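>>> Structure, please.
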Amino acid sequence: MVGKFKIIPLDIVALVLTALAFVFHNVGFFVGAWWKNENEVGTSEYGMMGLRICKVSCVDRSVLDIDGGKEWIFAVRVFEVFGEIFVWLALILAILTVTIRRRPIHTALIYIHGAAAVFITVGVFIFLGFQSKLNEGLDGDGSIMYPFALCLIGGITCMAASVISGFGLKKHLLEWDDDDDDE
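Residues are numbered from 1 along each chain as shown. As a prediction, this is how the structure comes out:
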């Protein structure tokens, strides 16, 4: 078939990195709280899926509830949701890149990886910059939990996948003679 690229190891590496980024970000996004404060009065947890405050009883709040002074959490959630959407798209495009092997799909994959990485890491950095404000008015110090780290790893993995995809496309274009894979 005319116009297809050959499969090279960089394509497979990019697919594996994309799958890892997908798993890391999905687990970090959906599993639990990014930040938790435990003290003698109760527990507070902030995550991408909601807020839980436990004193005498537990109160679960929606991701759309915006506390005064904590609007930045909504911004983090928005960036992470866009990162989630782009990670899903990147996984689909990575699979299509290996199966269909066309230049436009490969090029789109590079940009989608980059977009996912940007949205995820911007959300993570906003959270890092403001997370100390979550301790205001609470006894003790809160701590960042492992789902936050998984999302950060997912963003870094997306960056690596974007770079690997870029090198793969460059290699394809240097070796491509439009007669590849004439099966």
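>>> Listing partners with orientation, what would you give for the helix or strand of the chain with the lowest mean pLDDT?
Here the helix or strand of the chain ranked lowest by mean pLDDT, DSSP states H and E is strand 58-61, holding a mean of 71. Using DSSP bridges, the strands paired with strand 58-61 in its sheet are strand 51-54 (antiparallel).
>>> Now whichever helix or strand comes after the least confident helix or strand of the chain: average pLDDT?
Following strand 58-61 in sequence order, the next helix or strand is helix 71-99 (DSSP states H and E). Here the mean pLDDT over helix 71-99 is 91, rounded to a whole number.
>>> Against which helices or strands is helix 71-99 packed?
Contacting helix 71-99 under the criterion 3 or more CB pairs under 8 Å, 6 or more residues apart in numbering; DSSP states H and E are the following elements: helix 9-30, helix 103-130, helix 146-175. The way it works is simple: take the backbone N, C-alpha and C, and place the C-beta from them, glycine included.
>>> Serialize those to TSV and add fields for mean neighbour count and distance to Glu45.
Rendered in TSV, the data for the helices and strands packed on helix 71-99 read as follows (neighbours: other CB atoms under 10 Å; distance: least, CB to CB, whole Å):
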stretch	mean neighbour count	distance to Glu45
helix 9-30	20	14
helix 103-130	20	14
helix 146-175	20	11
